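**Q** compute the structure for the input listed below.
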Amino acid sequence: MSARIALPLILFAATEAGAACLSPAPPDPADPARGMVRIEGGTVLMGSDDHYPEERPVREATVGAFWIDATEVTNAQFEAFVTATGYQTIAERGLAAEDYPDVPESLRAPGSMVFAPPAEPVALDDHTRWWRYVHGASWRAPLGPGSSLEGFEHHPVVHIAIEDARAYADWAGRSIPTEAEWEWAARGGLVGADYTWGEVYDPAAGWKANTWQGEFPTKNTRDDGWLTTAPAGCFPPNGYGLHDMAGNVWEYVEDAWSPSPGSQEGDARQVTVKGGSWLCTPNFCARYRPAARQPQEQALGSNHIGFRTVFRAP
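**A** Model (predicted):
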């Protein structure tokens with residue numbers, strides 16, 4: 001995949017939606033539960049038999065009580081971590097040849113995956129038609145050299161690999177949620193419902209999540225008010241008071257990827273992400289649902305994947 005592309009910068013401009021969005025406070029390692037929502041433990045009915053094969057079968061899992069971020073981790077929150085520690089993400093430092101000998105040199109150089117919409121409609125069977133590896137793209141520079149976070153301080157941080165998310169969580173005295181914890185929290189008390197808000201996806205009743213409207217991947221009509229990511233907490237919370245558990249950005253969980261949930265035949269190079277993103281639409285990747293799941297390379301970020309953290313009290 002080419003690292004030198006002309007990206008339509010308008011696609012990544014902040015959009016004023018008139019929504020009452022949140023501005024989450026930076027975490028405090030001395031107070032790990034700050035800004036989090038407590039979720040009581042219980043038995044979650046995970047998965048779905050009605051959608052994609054990797055969500056099957058419906059199964060039970062038991063989780064203990066935990067706290068979880070009310071929103072996805074934002075750029076401002078991640079910046080507080082970087083300022084305190086000097087941490088560099090994988091996208092900023094690149095990959096070592098001895099650790100990734102099978103990865104081409106061009107893909108080991110510092111950079112990350114950036115969505116680049118084609119000018120004309122394309123077949124949806126090849127994601128390379130709209131994804132590019134851009135040298136210099138990182139959480140600080142979402143489009144690559146010359147881009148910045150101005151106006152995006154309270155948007156979810158992106159271009160983050162699972163290793164980066166774990167580093168942030170460790171610094172804050174927290175963890176990355178397990179898939180069972182994440183799905184229990186995402187359901188917001190609705191047992192077996194298709195969506196975080198209930199059974200029906202009906203935009204006429206009001207937008208419940210930041211997703212794609214229009215013809216994917218060429219045109220997002222932004223009927224929900226946002227062209228790409230939205231700031232944290234712009235959409236209504238679920239029953240547990242958690243925002244953006246559907247859409248906006250995919251979120252990492254600690255579980256290694258397996259195409260069959262609960263199987264021991266996972267791929268150590270991939271990790272599971274949950275919740276869908278601003279790129280999901282009914283006719284492509286309709287995964288803005290608690291049961292939905294997808295693999296992501298452990299050492300690769302993109303501008304539609306972020307994370308949130310959990311705190312498990314002793």
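
**Q** for the residue nearest to residue 43 when sequence neighbours are not counted, which residues are in contact?
**A** Take residue 43 and drop its neighbours on the chain: the residue closest to it by CB to CB, 6 or more residues apart in numbering is residue 62, 4.9 Å away. Heads up, the C-betas are built off the backbone N, CA and C, glycines and all. Going by CB atoms under 8 Å, 6 or more residues apart in numbering, residue 62 touches 41, 42, 43, 44, 180.

**Q** ok so residue 62 is a strand residue?
**A** Yes: the assignment for residue 62 (DSSP: H, G, I helix; E, B strand; the rest coil) places it in a strand.

**Q** so what's the predicted local confidence for it?
**A** Residue 62 is assigned a predicted lDDT (pLDDT) of 96.

**Q** cool, residue 266 as well?
**A** Looking at residue 266, its pLDDT stands at 66.

**Q** any regions of the chain where pLDDT drops low?
**A** Scanning the chain with the threshold set as pLDDT under 70 gives 1-19, 262-266.

**Q** okay, helices next: where are they in it?
**A** 75-85, 90-93, 105-108, 162-171, 179-187 (DSSP state H).

**Q** reformat those helices as TSV; add mean neighbour count.
**A** Below are the helices of the chain laid out as TSV (neighbours: other CB atoms under 10 Å):
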stretch	mean neighbour count
helix 75-85	18
helix 90-93	20
helix 105-108	14
helix 162-171	21
helix 179-187	25
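
**Q** dump stretch 106-123 to PDB, restricted to CA.
**A** What follows is stretch 106-123, C-alpha atoms only, in PDB (Å, rounded to 0.1, in the frame of the first residue of the first chain):
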ATOM      1  CA  SER A 106       7.900   0.400   4.300                       C
ATOM      2  CA  LEU A 107       5.400  -0.800   6.800                       C
ATOM      3  CA  ARG A 108       7.900  -0.900   9.700                       C
ATOM      4  CA  ALA A 109       8.600   2.800   9.300                       C
ATOM      5  CA  PRO A 110       6.700   5.200  11.600                       C
ATOM      6  CA  GLY A 111       3.200   5.600  10.400                       C
ATOM      7  CA  SER A 112      -0.300   4.300  10.700                       C
ATOM      8  CA  MET A 113      -3.400   3.400   8.600                       C
ATOM      9  CA  VAL A 114      -5.600   6.300   7.400                       C
ATOM     10  CA  PHE A 115      -9.000   6.100   5.700                       C
ATOM     11  CA  ALA A 116      -8.800   7.600   2.200                       C
ATOM     12  CA  PRO A 117     -12.200   7.600   0.500                       C
ATOM     13  CA  PRO A 118     -12.100   6.800  -3.200                       C
ATOM     14  CA  ALA A 119     -13.500   9.300  -5.700                       C
ATOM     15  CA  GLU A 120     -15.800   6.800  -7.300                       C
ATOM     16  CA  PRO A 121     -17.900   3.900  -6.000                       C
ATOM     17  CA  VAL A 122     -15.900   0.700  -5.700                       C
ATOM     18  CA  ALA A 123     -16.600  -3.000  -4.900                       C
END
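
**Q** what sits up against that stretch?
**A** By CB under 8 Å, 6+ apart, the residues outside stretch 106-123 that reach it are 1, 3, 5, 7-8, 11, 91-97, 100, 129-138, 142-144, 159, 215, 217-219, 228, 279, 300-304.

**Q** repeat that for stretch 178-188.
**A** 39, 42, 44, 46, 61-63, 66, 68, 177, 193, 196, 237-240, 242, 245-246, 251, 253-255, 261, 272, 274-275, 290-291, 293, 310.

**Q** so the residue nearest to residue 43 versus residue 272, what's the distance?
**A** 19 Å (CB to CB, to the nearest Å).
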